[in-house]
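Student: starting from these lines, generate the structure:
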Amino acid sequence: MFKIGDLVKLDSSYDPQRHPPIGTMGIVTHVEDWSDVAPSSNLEQFVRVHWASGPNTKEQCYADTCLKMVKTC
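Tutor: The predicted structure follows:
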């Protein structure tokens, strides 16, 4: 489970115009628990990250399965 302040790495590829490249590191800025909302899926959290190299927008939100933990806070 991710928490604010954790260092993470993007582990999925998305549209390069709207998201950083796979392997980009960033700091978790917001976490929403979704395990109760979607109990039948593997999704536990939606996470917002401030990436080391942009773009960085408030619309970007990633499933916990798309991120790898680098270092916990």
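Student: buried residues in the strand ranked longest in the chain?
Tutor: Longest strand in the chain, counting residues (DSSP state E): strand 25-33. By 16 or more other C-beta atoms under 10 Å, the buried positions in strand 25-33 come out as 25-28, 31. Glycine gets a C-beta too; all of them are placed from N, C-alpha and C.
Student: may I have it exported as CSV, CA atoms only?
Tutor: C-alpha atoms of strand 25-33 as CSV (Å, rounded to 0.1, in the frame of the first residue of the first chain):
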residue,chain,number,x,y,z
MET,A,25,10.4,8.2,-10.6
GLY,A,26,8.2,10.5,-8.5
ILE,A,27,6.8,11.2,-5.1
VAL,A,28,3.3,10.1,-4.0
THR,A,29,1.2,13.2,-3.3
HIS,A,30,-2.3,11.7,-2.9
VAL,A,31,-3.8,8.3,-2.2
GLU,A,32,-7.4,7.1,-2.5
ASP,A,33,-8.4,3.7,-1.1
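Student: so what are the sheet partners of that strand and their directions?
Tutor: Strand 25-33 sits in its sheet next to strand 7-10 (antiparallel), strand 45-51 (antiparallel), going by DSSP bridges.
Student: how about residue 12, nearest residue that isn't a chain neighbour?
Tutor: residue 66 (4.1 Å; C-beta to C-beta, 6 or more residues apart in numbering).
Student: could you do residue 55 as well?
Tutor: residue 18 (6.5 Å).
Student: tell me the secondary structure at the one you found.
Tutor: coil (DSSP: H, G, I helix; E, B strand; the rest coil).
Student: next, count neighbours for it.
Tutor: Summarising burial for residue 18: neighbours were counted as other C-beta atoms under 10 Å, giving 10.
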